[in-house]
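# Here's a sequence, model it:
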Amino acid sequence: MTATSSTGSGRTGTGTSRRGRRAAASTSPAADRLGGPSPGPTLFVPRYQDSRMGLLSRLGIGAASVEPVLRAPRVTAGETVPVRVTVEGGSDGQCADALTVRLATVAGTDDGMREVTLATATLATDLTVEAGARRAFDGELAVPVWAPATREGTEVVLAATLAMDWARAPTGRTAVEVDVGPRLDRALAALVDLGIAVNRAQPVDATTAAREATAPAADRELPIVQRFDCHPRGGPYVGRIRRLTLVAAPAPGGLTCYASADVDPDAVHGRTGGFERFATVEVTDQRVSTLRKEFERALGTGSTTEPSPGR
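Here you go, the predicted structure:
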């Protein structure tokens, strides 16, 4: 039996039996969506259903995926390169604030290591990723002249991110090969001509390099510099220099190479203990043979005169 009564506000209320209440619950909108009777007020499901973004997708389960690709096999510092990011929808539709892509590396600091963004670009904003759909977004990245060259000890990655509010952002990463610029290439070739092998290279925070006196002026304009670990393998510096540290600080108009040579004390008469020889070589458009002579003059051949750290 059902009784109906009117209220002063004109609304109609219904009183139902226990069986009637169960029947009403089974036909509620929430019950239709969830496939069964509604147990009572539900706070999250209607919102996620309306925004087409499920709870699992927000946690990264069944969410959209992104795949960044450089549309060139290798890049060189100072170039502008095309990029493409492919976005594939997951099990639910999702809304993203932006799709961004960036080049990044890891640099040494006083406190350890930190990730450094070399270049970044926004490929799309306020986009909807349909469930199961696949879309490609194209753009460009301007690689800075101070981007480090990839070799042992230095890695550069291309990363793409779908930025979302209150959800784990889908991210994709891929390794990128960065070639040395023409000036640094000639400087390293000049060292090889002198019998000095270039081994590992590591990006270093420019402020840290300046504090260590390996690149005193590099922190004025550059976020990072690249430090090369070199060792004589032949030529006039075998037995005179144990190790050569070369810090490359590129600029739009040139390249400054800060060299720090760990001199072998046995090669210097009348000295006890080792010392460092500091030198600076400016690289513009010189040939390799000219740079070799400049490095020879800067490094000397085992003179007992020790330059001051202030150059």
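# just for the stretch 151-300 of the chain, where's the confidence low?
For the stretch 151-300 of the chain, applying pLDDT under 70 flags the ranges 166-168, 213, 217-220, 264-275.
# Show me where it has its helices.
For the stretch 151-300 of the chain, applying DSSP state H, counting those that start in this stretch gives helices covering 182-193, 206-211, 288-299.
# I'd like to know which of the ones you listed lies nearest to Asn199.
helix 182-193 (11.1 Å; C-beta to C-beta). All C-beta atoms are positioned from the backbone trio N, CA, C, and that covers glycine.
# contact partners of the closest one?
Contacting residues not belonging to helix 182-193 are listed as 149, 179-180, 198, 228, 230, 244, 246, 248, 250, 254-255, 257, 281, 283-284, 286-289, 291-292, 294-295 [C-beta atoms under 8 Å, 6 or more residues apart in numbering].
# Do you have the strands of the stretch 201-311 of the chain handy? List them.
Taking DSSP state E, counting those that start in this stretch as the test, the strands found in the stretch 201-311 of the chain are 224-232, 241-251, 254-263, 275-283.
# which stretch among those strands comes nearest Ala77?
The nearest among these, by C-beta to C-beta, is strand 241-251 at 6.8 Å.
# Pull out the buried positions in that closest one.
Ile241, Arg242, Arg243, Leu244, Thr245, Leu246, Val247, Ala248, Ala249, Pro250 (16 or more other C-beta atoms under 10 Å).
# do the same with stretch 143-158
Buried, per 16+ other C-beta under 10 Å, within stretch 143-158: 143-151, 153-158.
# follow-up on the earlier one: want to throw the strands of the stretch 201-311 of the chain into CSV with distance to Leu123?
Below are the strands of the stretch 201-311 of the chain laid out as CSV (distance: least, C-beta to C-beta, whole Å):
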stretch, distance to Leu123
strand 224-232, 25
strand 241-251, 27
strand 254-263, 32
strand 275-283, 36
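# just these: most buried one?
Counting by mean count of other C-beta atoms under 10 Å, strand 224-232 has the highest mean neighbour count of the strands of the stretch 201-311 of the chain, with a mean of 23.
# partners of it, with directions?
strand 196-205 (antiparallel), strand 241-251 (antiparallel) (DSSP bridges).
# CSV for those, including distance to Ala261?
Converted to CSV, the strands paired with strand 224-232 look like this (distance: least, C-beta to C-beta, whole Å):
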stretch, distance to Ala261
strand 196-205, 10
strand 241-251, 5
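# For the strand ranked longest in the chain, enumerate the helices and strands it packs against.
Secondary structure of the chain per DSSP state E: the longest strand is strand 112-129. Applying 3 or more C-beta pairs under 8 Å, 6 or more residues apart in numbering; DSSP states H and E, one finds that strand 112-129 contacts strand 80-88, strand 94-109, strand 134-142, strand 196-205.
# angle of the third one against strand 94-109?
Interaxial angle of strand 134-142 relative to strand 94-109 (axes from the mean of the first three to the mean of the last three C-alpha atoms, to 10 degrees): 40 degrees.
# List the buried residues for strand 134-142?
Phe137, Leu141.
# ok and it relative to strand 112-129, angle-wise?
Counting by the same axes, to 10 degrees, strand 134-142 lies at 140 degrees to strand 112-129.
# Tell me, how many residues neighbour Gln286?
By other C-beta atoms under 10 Å, 17 other residues sit near Gln286.
# close enough to count as contact, it and Arg292?
No - counting by C-beta atoms under 8 Å, Arg292 is not a contact partner of Gln286; they are 9.5 Å apart.
# hmm, back to that, just flag the most distant two among the buried residues of strand 241-251.
Most distant of these, by C-beta to C-beta, are Arg242 and Pro250, 27.1 Å apart.
# Bridged to Ala124, which residues?
Leu99.
# Which member of the buried residues of strand 241-251 is positioned nearest Ala121?
Using C-beta to C-beta, the buried residues of strand 241-251 come closest to Ala121 at Pro250, 21.2 Å.
# list the contacts for that closest one?
Ala77, Val145, Trp146, Gly181, Arg183, Leu184, Leu222.
# a markdown table for those, including distance to Asp110?
Rendered in a markdown table, the data for the contacts of Pro250 read as follows (distance: C-beta to C-beta, whole Å):
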| residue | distance to Asp110 |
| --- | --- |
| Ala77 | 25 |
| Val145 | 25 |
| Trp146 | 20 |
| Gly181 | 27 |
| Arg183 | 28 |
| Leu184 | 25 |
| Leu222 | 16 |
